[in-house]
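Visitor: what would the 3D arrangement of this be:
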Amino acid sequence: MLGGTSRRASARAITTGRPFARRGSRAAHRAERTDRPGTGRALTVAGTGAVLAFTGVLVPGLLLEGSSATGTSCTEVTQPLGPATGFTEFVLTDGHRGSESEGAIAYGGDLPTAMTVGTRLTSAASAPTLVIAGSHGQWFNLQKGSAYVVPQSGVNFNGGGTYLASNPIDFAASFAYLEGLSDDLATSSATGTVSVGTAGGNQVLVLSGTNTDYNVFTISAAQLASQAGIGYDVPAGSQILVNVTGSAPTVTGQMWIKQGGSWQQVSDTTMENWPGILWNYTGSDTFTVQVGSAWGGTILAPRAFVDVVSAGHTIGQIIARKLTSNYETHQRLFPNTTCVPSGIGTGTPTPTPTGSATPTGGPTATVTVTETATATATATETATETATATATATATVTETVTSSPSPTATTTPGGPGGTPERSDVTIAKAVSDAAPEGGDQVTYTLTVTNQGTAPATGVVVRDDLPSGVTYVSSSPGCSIAGSVLTCAVGDLAPGESVSLEIVATVNPTAGAGRPVDPQSHHWLTPYKSEQQIDLEPGQTRTVTVDCVDGGIVTDGSVRIDHVDQDTGDTSDVHVLYAGSPTTSTWKAIVRNDATGRAQAKVFVACLPAETGVADSQVGTGNSHTHELLADPDLVTDTRALPAGTTSMTVTCATEGTFPIAPTYALSGGEAWLVGSEPVGGRTWEFTFLVDDPTTATVGVRCLHLTTSAVQGHTHDLQYTIETATATVPAGANVERQLHCPDDAKGMVSGWNAPRGVNVLGNDPRLKTRAFRFESTSSTDQQVTMWLVCFKDRTTVESIGTASPLLVTNVARVTSTSEDADPGNNQGTASMLVSPGSTHVSLPRVALRSGGKLELQVLSSVPGKGRVVVKAGAKLLAKGRLVLDPDDQTPGTVKLTRKGKRLLARKDLVAKVTVDPTRGRTARGKVQLQG
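Guide: The predicted structure follows:
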């Protein structure tokens, strides 16, 4: 049923004179299908005059007789999950949650437990990302977007959102479509095989398929009960449909996926190559997830109660009548565009609306359809209350749908299953050179696409150009104000794309000459944050701690303090995830497998976002500060871990960086982190003790040891690494401390402990790190501790920037139309700028301003520059410019008489020479415009 690749526009160059480079919409493709049986059908809704447009092939779940999927190789379906598009959790009635959702959530009933929502979203502040139609708990931490809750209380808006005045979702209509979709998918014939095999050393049900686009499997509840574990063995990138039959299915064991010829447990990393996995269940009882790993795949069970009894976390969307889960739902949305291949999903479902799925109130709209069970029937259609298709056998279906608001004559639902069509604008961003040198010019290409089923209106792109680049030019229709570029795209038809280009100069960063203030330095003020965790028996909790004011997380720890007596021990408290998902955030996922309560505490160490003000030993410092720089993305590695002890390493690739915020995630199984330590240079090593196989993802963030450049100079951070060994007596629970020098603070900790010693976490006391160990051994054991200590002061200033500089540019797109998925409205492109040998960069264009020539000269160091402008042997202008690395305002030089006369008659190209007081002379051709 599901497969194929989406027809998405590729980036195209801008042609002079055209406002944008556009790619055609899907209208032409749809027009080609209008002569096919079953397409373009319309039914009149009784009592309203509204027309419901149904497309036999394009609307799975509502294939009317006369339609046929045969004879078409692959038909594109946009927003196959209809109203659930963009939501990680989409639930008809009630829910009970005990951990965060990385995406948006919507509940048609009650959600009494508060949670963190939207940690992976990039949605605009106005986007509906938290919707609860019934009662709700408090407090929800909403990281992005706005909320509809009644009463309007109990939400912390951390992304600038607010309360919505009305419910943006018609849950009844949404689930009517989703039930029909589920029914139709259930008719798909299997194309792959299900057999008992081995994955990761475990006996599992292996789902084997060879199609590179789509693979369909049918698996019964009895099969799931007879064999624990699932193994996906299909080509990377192919879509998977798993139809589950029988009653009350339960999926147990671990989930594996075959990648590159070897089995890996499903994880956020491995699932990147298989986003289109869909488990479909049409039953109205319970669909139980009870796995010992992460769950990989979207669950479509619109009539069922989905009960996540155990999982490391779930990866994909969950669509259910009711949901209970104490585990995180991770943001891995089902693809927005899929394909309906020939011969699959041709059956006609019979929706069975339930009481909970039928809205009440408002006028009643009755649709009577008389249709046949033969896909090749000849239909006679009229714009009346009854549409009749006649063939050899006739079945009559009469449905009564009550909804509020009711359809009117001006409403033409044409999205999936008769739900309203929605646009879905998305943006992708690329840079022409990801490793330029200072002074180079680069081109950013922004591709804006409407992936939705309705026109996107009032589309606008906003690009806030970062420090480190200077605007040169852009596509027509774009304007610059300060550093903010705005492009009015206008309207985009479904499937239409527009490409924009932005040309920018990479600011010079190379140093030259002596420091202005050779004894000036800056202070650092590290700090820590902490939060208490209480865990009930069997509970999994997610805790996030932020560094304030944009500070940088350097380290974090879960210290396990207590487990109720005679209910287990500290080894029963498992940390499934500990690390830094964003530069300023540290997160822990902790599971209590003891039969009693457990108490723990989370500690986080933070560097400030910027240094203190300049402090000169000779009294000439001023009030400027420098930013501290860390890469936004972690350097990661993912590996399946067998039973035993396994070590993994990750390395920061860029010179002048250091690994911070050691991060690890376990997909399930039974494993403990027993070693986390620096092993030289830019490398960090993680060691796991594994009793039950799992998949681990480890990572570090790379901290740049050179600050940002201000006033043409930088400073370096300084650190030392302290290490010591300590004895843990047999059977003892002890604290062991490691200290930094007097002029430093401990920012990253490390340790290595043997089997028989539980690492219970550590407490950053800044100058001192207090480690907690518990021995389960009958003999004394030795542990090793490390502490990375950053000095309180930077080095004195250095002219220019000697180290590579990371420049990240983020663009956002918005529209005035309803956006199906606000989470895909941001595009990012990064480049690593090397200093090179350029100290001064010339503009492409200089403008006449009265008797002067205005030109923008960029410099990496402060000083002055002597400017000479010539055309052949003719001197057109000369003078001196103040060169300020922090000020990009154009300067002026005086035109000669010849220069004035020539520019009064025509534009011309001249040779410009800038000789700076510091650094190399720059020469080049510049267009002069009068």
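Visitor: so where's the protein uncertain?
Guide: 1-76, 339-420, 616-621 (pLDDT under 70).
Visitor: okay, which residue is most central for it?
Guide: residue 120 (4.8 Å; Cα atoms, centre = their mean).
Visitor: was I right to think that residue contacts residue 101?
Guide: No. At 9.1 Å, residue 120 does not count as touching residue 101 under the criterion of Cβ atoms under 8 Å. The C-beta positions use only the backbone N, C-alpha and C, and glycine is treated the same way.
Visitor: hmm, back to that, confirm the residue nearest to the centre of the chain sits in a helix?
Guide: No. Assignment of residue 120 by DSSP: H, G, I helix; E, B strand; the rest coil gives coil, placing it outside any helix.
Visitor: burial of the closest residue to residue 875 other than its chain neighbours, as a residue count?
Guide: Spatial nearest neighbour of residue 875, excluding adjacent residues (Cβ to Cβ, 6 or more residues apart in numbering): residue 896 at 5.4 Å. By the measure other Cβ atoms under 10 Å, the count of residues near residue 896 is 17.
Visitor: can you tell me which residues contact residue 896?
Guide: 875-878 (Cβ atoms under 8 Å, 6 or more residues apart in numbering).
Visitor: next one: phi and psi at it?
Guide: The phi/psi pair for residue 896 (degrees, to the nearest 10) reads phi -80, psi 170.
Visitor: mind listing what's buried along the top helix by length along the chain?
Guide: Among the elements of the chain assigned as helix by DSSP state H, the one spanning the most residues is helix 171-186. Along helix 171-186, these residues count as buried under the neighbour rule (16 or more other Cβ atoms under 10 Å): 171-186.
Visitor: starting at the chain centroid, how far to it?
Guide: From the chain centre to the centre of helix 171-186 is a distance of 28 Å (Cα atoms, centre = their mean, to the nearest Å).
Visitor: could you say what helices and strands the very next helix or strand once past it packs with?
Guide: Once helix 171-186 ends, the next helix or strand along the chain (criterion: DSSP states H and E) is strand 193-199. Helices and strands touching strand 193-199, by 3 or more Cβ pairs under 8 Å, 6 or more residues apart in numbering; DSSP states H and E, are strand 202-208, strand 214-220.
Visitor: strand partners of strand 193-199, parallel vs antiparallel please.
Guide: strand 202-208 (antiparallel) (DSSP bridges).
Visitor: the strand it pairs with: which residues count as buried?
Guide: 202, 204-208.
Visitor: just the closest of those residues to residue 693, please.
Guide: When the buried residues of strand 202-208 are compared for distance to residue 693 (Cβ to Cβ), residue 202 wins out at 6.9 Å.
Visitor: quick check: the two most widely separated of the contacts of residue 896?
Guide: 876 and 878 (8.4 Å).
Visitor: find residues that contact each of those two.
Guide: Common neighbours of residue 876 and residue 878, using Cβ under 8 Å, 6+ apart, are 869, 896.
Visitor: compare the two and say which is more crowded by neighbours.
Guide: Neighbours of residue 876 and residue 878, each counted by other Cβ under 10 Å, are more numerous for residue 876; the result is 26 against 17.
Visitor: which ones are touching that one?
Guide: By Cβ under 8 Å, 6+ apart, the contact list for residue 876 reads 853, 869-870, 895-896, 898-899, 902-903, 910, 928.
Visitor: tell me the SS of residue 898?
Guide: At residue 898, secondary structure determined by three-state DSSP is helix.
Visitor: doesn't residue 874 make contact with it?
Guide: Yes. Shown here, residue 898 and residue 874 form a contact pair, counting by Cβ under 8 Å, at 5.2 Å.
Visitor: domains for this protein, by residue range?
Guide: Annotated domains of the chain cover 83-157, 171-341, 425-510+816-821, 521-795, 840-929 [automatic domain parsing].
Visitor: distance from the chain centre to the last one, please.
Guide: A distance of 44 Å separates the C-alpha centroid of domain 840-929 from that of its chain, computed with Cα atoms, centre = their mean.
Visitor: and the end-to-end length of it?
Guide: Counting by Cα to Cα, to the nearest Å, you get 22 Å between the two ends of domain 840-929.
Visitor: and the strands in the stretch 501-650 of the chain, which stretches?
Guide: Along the stretch 501-650 of the chain, the segments classed as strands by DSSP state E, counting those that start in this stretch run 520-522, 527-535, 540-546, 552-563, 573-582, 585-592, 598-607, 614-616, 629-630, 635-641, 644-651.
Visitor: if we can go back for a sec, looking at the domains of the chain, which is nearest to residue 809?
Guide: Evaluated with Cβ to Cβ, the domains of the chain place domain 425-510+816-821 nearest to residue 809, the distance being 5.5 Å.
Visitor: just how off-centre is the closest one within its chain?
Guide: 19 Å.
Visitor: can you check stretch 834-841 too?
Guide: Going by Cα atoms, centre = their mean, the spacing between the C-alpha centre of stretch 834-841 and its chain's C-alpha centre is 34 Å.
Visitor: that older thread, can I get the domains of the chain in a markdown table with distance to residue 828?
Guide: Below are those laid out as a markdown table (distance: least, Cβ to Cβ, whole Å):
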| stretch | distance to residue 828 |
| --- | --- |
| domain 83-157 | 9 |
| domain 171-341 | 16 |
| domain 425-510+816-821 | 6 |
| domain 521-795 | 8 |
| domain 840-929 | 23 |
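Visitor: out of these, nearest to residue 803?
Guide: The nearest among the domains of the chain, by Cβ to Cβ, is domain 521-795 at 3.6 Å.
Visitor: about what we covered before: quick check, nearest of the buried residues of helix 171-186 to residue 685?
Guide: residue 185 (45.8 Å).
Visitor: could you find the closest non-adjacent residue to the closest one?
Guide: Spatial nearest neighbour of residue 185, excluding adjacent residues (Cβ to Cβ, 6+ apart): residue 280 at 4.6 Å.
Visitor: wait, what's in contact with that neighbour?
Guide: By Cβ under 8 Å, 6+ apart, residue 280 lies in contact with 182, 185-186, 241-244, 300-301.
Visitor: now residue 296
Guide: Applying Cβ under 8 Å, 6+ apart, one finds that residue 296 lies in contact with 232, 255, 257, 266, 270-271, 274, 277, 315-316.
Visitor: switch to 7 Å and redo it
Guide: Going by Cβ atoms under 7 Å, 6 or more residues apart in numbering, residue 296 touches 255, 257, 266, 271, 277, 315-316.
Visitor: closest to residue 158 among those?
Guide: Nearest to residue 158 among those: residue 315, at 23.5 Å, using Cβ to Cβ.
Visitor: correct me, but the closest one touches residue 294?
Guide: Yes. In this structure, residue 315 is within contact of residue 294 by Cβ atoms under 7 Å, at 5.7 Å.
Visitor: can you work out which residues contact both of these two?
Guide: residue 266.
Visitor: of all the strands of the stretch 501-650 of the chain, which one comes closest to residue 324?
Guide: Here strand 540-546 is closest among these (Cβ to Cβ), at 12.6 Å.
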